[in-house]
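Enquirer: sequence and predicted structure below; questions after.
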Amino acid sequence: MIDPVSIGLAIAISLASSKIEKSLKKLNVYHCSKKVLDEIDESFDDANDSWSKNQGAIDAKRIDHLKIIRNLTDKTNNNLTDEDKIFLECFKYAIAKRENAWRYLTTEMLEVRFIEILQLQDTQHSSLSKGQKDIITKLDSIERSIGGYVEVKFDKSDARQKSKYFISFTSEQLGYTIERYLREENDYNASEKYLFNEKRTESTLNTLLRKKAESFVILKGLPGSGKSIELKKLALDLWEDAECDLIPFYRDLRNFTVSDDMESFFDLKNISQYVNVVFILDGLDEIKDENYFISKFNSYLRNNKNLSQRFVLSCRSSVIEKHKKDFLDTFNIFELEDLSVEQAKNLLKEKTGVEFDNKILERFKESSSFLNDPFKLNIVAEYYKKLLVLETNPVKLWETYFKSILENDQYDKLKKKEG
């Protein structure tokens, strides 16, 4: 794997000879949004400014750009001068402040994308140096090994004109939600694998996709743990943030049947023309024939040529265990953390109108699990609204809950008779 930072620098240098034109997004740029190109260009300018200040305005020509490009695969950077290395650090700092470019430059297909951008430059401008063209020739075998490309025409600015196609619900329909923290399956310790070394409790679906550049995520959990709400919240968050170039594409898998195929159900011919689509697929366990879907989905992943696509699925724990070997080894599996005291406090306030004291809620969580997930917390809230008691006894809570279900069922039947 080519060093991401060196590639980032090389791409920036290759683009520096001419400003990114406004019409660039209309060109056939594979798997790269215009935002990425703009941010790389901005990062290069910032790095130049920062490098000049740090070096006392030494002539920028002393940076041996050609040597950096020719030694792209040298992760040790032994062939770079001290000045080149300082420039590299400036570029790293500049790119880290720009979400879309950082995410693009830290994915697994960097070699392919580097080729694509250089080829675009070669097509639009005849000023590529011999060293840059040598890189294209040297890495051409990687391009051939991928087996071709899918033509990408559209980015998020195009997608936002078709909101109902990508997301069929609104924030008003979803209602009040709280972003949940995640932990990796069987990992209850602080993570050390990510760039910024976040504590485990700082990981959310948003950070996994946007800051950690995860491409294959499974969110597992028990029924009622909040998986579906979390996926819908992710879809809305990505959609409403115009500065993020990820495009959410939400689908409820309960509607997938054996009469469906991947191409028609997901409209793949159309959706594959968009760059940076995040397939948000809810309810793998709710498909009638999950084996059929997994077989088709596996085949799609193996043959997919739009390398910018990402996938987030939700599923019950039992189904995850059943299919780990034949399907889910591609994905990183995460679980929802229990609600924190502060999260439980905010949800209870939203549902009851009462702001409970933190110490009261801490004692509640010590004696009961009913504040650990939104489903059971809602039972506590309904009990409180009826009896004005913050009940911790699970027997009383379940008894009241099932009684209310029966009452509602009888009421519905009565209304139907009257109708």
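Expert: Ah, there it is.
Enquirer: how's this structure carved up into domains?
Expert: Per automatic domain parsing, the structural domains of the chain span 4-146, 156-336, 341-418.
Enquirer: just give me the lowest mean pLDDT stretch among the ones you listed.
Expert: Among the domains of the chain, domain 4-146 carries the lowest mean pLDDT, a mean of 55.
Enquirer: skipping adjacent residues, who's closest to Asn378 in space?
Expert: Leaving aside its sequence neighbours, Asn378 sits nearest to Lys351 (C-beta to C-beta, 6 or more residues apart in numbering; 6.6 Å). (C-beta placed from N, C-alpha, C; glycine too.)
Enquirer: list the contacts of the one you found.
Expert: Leu377, Asn378, Ala381, Glu382, Lys385 (C-beta atoms under 8 Å, 6 or more residues apart in numbering).
Enquirer: check Phe279 too.
Expert: Per C-beta under 8 Å, 6+ apart, neighbours of Phe279: Phe249, Arg251, Phe266, Gln309, Arg310, Phe311, Val312.
Enquirer: how many other residues sit next to the last one?
Expert: Around Val312 sit 26 other residues, with neighbours defined as other C-beta atoms under 10 Å.
Enquirer: likewise for the first one?
Expert: Using other C-beta under 10 Å, the number of residues around Phe249 comes to 23.
Enquirer: now do the SS call for Lys220.
Expert: Of the three states, Lys220 takes strand according to DSSP: H, G, I helix; E, B strand; the rest coil.
Enquirer: thought it was touching Lys324?
Expert: No - Lys220 lies out of contact with Lys324 (C-beta atoms under 8 Å); the separation is 10.5 Å.
Enquirer: so between those two, which is more surrounded?
Expert: The neighbour comparison of Lys220 against Lys324 (other C-beta under 10 Å) goes to Lys220, with 24 against 14.
Enquirer: from memory Ile271 sits against Val277, does it?
Expert: Yes - using C-beta under 8 Å, Ile271 makes contact with Val277 at a distance of 5.9 Å.
Enquirer: can you give me the strands in the stretch 151-300 of the chain?
Expert: 182-184, 216-221, 247-252, 277-282 (DSSP state E, counting those that start in this stretch).
Enquirer: on that earlier part again, in a helix, the residue nearest to Asn378, correct?
Expert: Yes - per three-state DSSP, Lys351 lies within a helix segment.
Enquirer: how many neighbours does Trp239 have?
Expert: Number of residues near Trp239 (other C-beta under 10 Å) recorded here: 23.
Enquirer: rewinding a little: any idea how far Leu406 is from the residue nearest to Asn378?
Expert: According to C-beta to C-beta, to the nearest Å, Lys351 and Leu406 sit 22 Å apart.
Enquirer: between the two ends of stretch 216-233, what distance do you get?
Expert: For stretch 216-233, the separation between the terminal residues is 18 Å (C-alpha to C-alpha, to the nearest Å).
Enquirer: buried stuff in that stretch?
Expert: 217-221, 225-233 (16 or more other C-beta atoms under 10 Å).
Enquirer: ok, and what's touching it?
Expert: 169, 174, 177, 179-180, 182, 185, 205, 208-209, 250, 280, 282-283, 310-317, 320, 328, 330-336, 373-376.
Enquirer: let's see the PyMOL selection covering just the buried ones among those.
Expert: The following PyMOL line selects those of those that are buried, judged by 16+ other C-beta under 10 Å:
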select buried, resi 177+180+182+205+208+209+250+280+282+283+310+311+312+313+314+315+316+317+320+328+331+333+334+335+336+373+374+376
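Enquirer: quick one: contacts for Tyr176?
Expert: Taking C-beta under 8 Å, 6+ apart, we find Tyr176 in contact with Leu347, Glu350.
Enquirer: at 10 Å instead, please
Expert: Each residue near Tyr176 by C-beta atoms under 10 Å, 6 or more residues apart in numbering is listed here: Asn346, Leu347, Lys349, Glu350, Lys351.
Enquirer: test my guess that the first one contacts Val354.
Expert: It refers to Asn346. No - assessed by C-beta atoms under 10 Å, Asn346 is found out of contact with Val354, at 11.7 Å.
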